[in-house]
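Visitor: here are the coordinates; sequence isn't available:
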């Protein structure tokens, strides 16, 4: 029995087993060291988590503030829209009133006015230069515009007759800006304005 299994064979087997045990132990130690290297330190992980929590809280606060501002801006926008609608309504009403006023003004401007026509006629016709500082020369005068014969040389005096434009009248005297006229045909005497007649020598009196 001892001759079949020499002593040196046991030595070789024992050596092989020792080598296997050493290799297995080295592998286990290396794996553990890598696991320790990959895992972060406990203190550093807690600090990073605390910083992230603070950042998340800050972001939540900003989001809440933005929501409040958005709600306030939405209310302001609605208020401005309401004011804008009221302004547009008031502007439309003002435009309507302006159109009505313009139409009324156009109607008034288009309607003829007797006083306006007389004023335009007086401005269109030439008038002689006033010579009230010296007495008017008696004789025949031609009426250059329709005029009224007044009982006295005053604008507040009673009107006794009307003389048409182009009529020749007989002037017997003057008082300031008034000419005293006499008729050969029984018409009442009176006074006319000096600037309503022009002297015409050698013409017959037709009033």
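Guide: The structure has been received and is ready for your questions. Computed from a prediction, not measured in an experiment: that's the story for all the values here.

Visitor: what sits opposite residue 190 in the beta ladder?
Guide: Residue 190 forms beta bridges with residue 181, as assigned by DSSP bridges.

Visitor: And for residue 169, the neighbour number?
Guide: 24 (other C-beta atoms under 10 Å). From N, CA and C alone the C-beta is placed, and that goes for glycine too.

Visitor: any idea which helix or strand carries it?
Guide: Element membership of residue 169, judged by DSSP states H and E, is strand 168-175.

Visitor: List the strands paired with that strand, with their directions.
Guide: strand 139-143 (antiparallel), strand 178-182 (antiparallel).

Visitor: and the last one, what's its mean pLDDT?
Guide: Mean pLDDT, computed over strand 178-182, is 92.

Visitor: Residues in contact with it: which ones?
Guide: 136, 141, 149-150, 153, 169-174, 189-194, 197, 207 (C-beta atoms under 8 Å, 6 or more residues apart in numbering).

Visitor: Single out the most deeply packed of the strands paired with strand 168-175.
Guide: Sort those by mean neighbour count, taking mean count of other C-beta atoms under 10 Å, and strand 178-182 sits at the top with a mean of 21.

Visitor: Run the chain-centre distance for that strand.
Guide: Using C-alpha atoms, centre = their mean, to the nearest Å, we find the averaged C-alpha position of strand 178-182 to lie 62 Å away from the chain's own average C-alpha position.

Visitor: now do stretch 51-58
Guide: Chain-centre distance of stretch 51-58: 52 Å, with C-alpha atoms, centre = their mean.

Visitor: show me where this structure has helices.
Guide: With DSSP state H as the definition, the chain shows helices at residue ranges 7-38, 42-110, 114-124.

Visitor: In CSV: the strands paired with strand 168-175, plus distance to residue 91.
Guide: Output for these, formatted as CSV (distance: least, C-beta to C-beta, whole Å):
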stretch, distance to residue 91
strand 139-143, 57
strand 178-182, 59
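
Visitor: Tell me which of those strands lies nearest to residue 12.
Guide: Within those, the stretch nearest residue 12 is strand 139-143; the backing value is 167.5 Å (C-beta to C-beta).

Visitor: Just want the most central residue of this structure.
Guide: For the chain, the residue whose C-alpha lies nearest the mean C-alpha position (C-alpha atoms, centre = their mean) is residue 91; its distance is 9.8 Å.
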